[in-house]
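Undergrad: need the 3D shape of this:
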Amino acid sequence: MALNFDHDDMAVCLDMPIYQQEMNECKAHYDSILGCKIYTVANIPPEFNGGKEKLFKFFRDKIRVSSQDIIDNNGRVLTEFVIDQDGTILGAKISQKKLQDYTILDRKILEIIYQMPKWRPARCGKINVSYLYKFPIAF
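TA: So this is what the prediction gives:
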C-alpha cells in the first residue's frame, strides 16, 4: 500500500510583536484553545529536518495499516498539528472529526505525529512562530 502526502494547506501561532511590513505578509486569527494567534501565512514555513522526502519516509517507516483501517477512513486521513516556535509538535488532531469518532488508524497516525523530532520552526520576519500545519495522508 502506498501513502500519499499532500500538505499544501498550512497555517501559524505568535504572541510577540512583528514589524508592520512583515505582519502584512503574515495572516493570523486568534486560537482560543491554544491561547495565541494562528497564522495562515508565514514568510518561511516550517520544515521537517531533511525536508519533505524525509517527512514522508518517517511516516512510511512507522505506519502499519490494514485493509480495514483504510476502509474505515475512506482511504484518507486529514491531520493538523501546531509546530511551536521551538519546533515542538503540539495539538495534533484529525480534522473534521470529534475525538470519540477517531478510528484505530486515526489514533495510530496521531501517535506517529507525536514521535516526530523537532522541526525547523516557521518564521514571520526574523521571529520564529508557531505554525498550524495541515497534513493530509491518502492510502
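Undergrad: quick one, strands of the chain?
TA: Counting by DSSP state E, residue ranges of the strands within the chain are 4-5, 12-14, 27-31, 36-41, 76-83, 89-94, 122-124, 127-129, 131-138.
Undergrad: any idea which of the ones you listed gets closest to residue 52?
TA: With respect to residue 52, and counting by CB to CB, the nearest of these is strand 4-5 at 7.7 Å. The C-beta positions use only the backbone N, C-alpha and C, and glycine is treated the same way.
Undergrad: flag the shaky bits of the protein, pLDDT-wise.
TA: For the chain, residues meeting the criterion pLDDT under 70 lie at 1-24.
Undergrad: nearest to residue 57, out of the strands of the chain?
TA: Of all the strands of the chain, it is strand 4-5 that lies closest to residue 57, at 10.5 Å by CB to CB.
Undergrad: start and end of stretch 30-44, how far apart?
TA: End-to-end distance of stretch 30-44 (CA to CA, to the nearest Å): 20 Å.
Undergrad: adjust the sequence numbering to begin at 59 for everything that follows.
TA: Sure thing, new numbering starts at 59, so read that last one as stretch 88-102.
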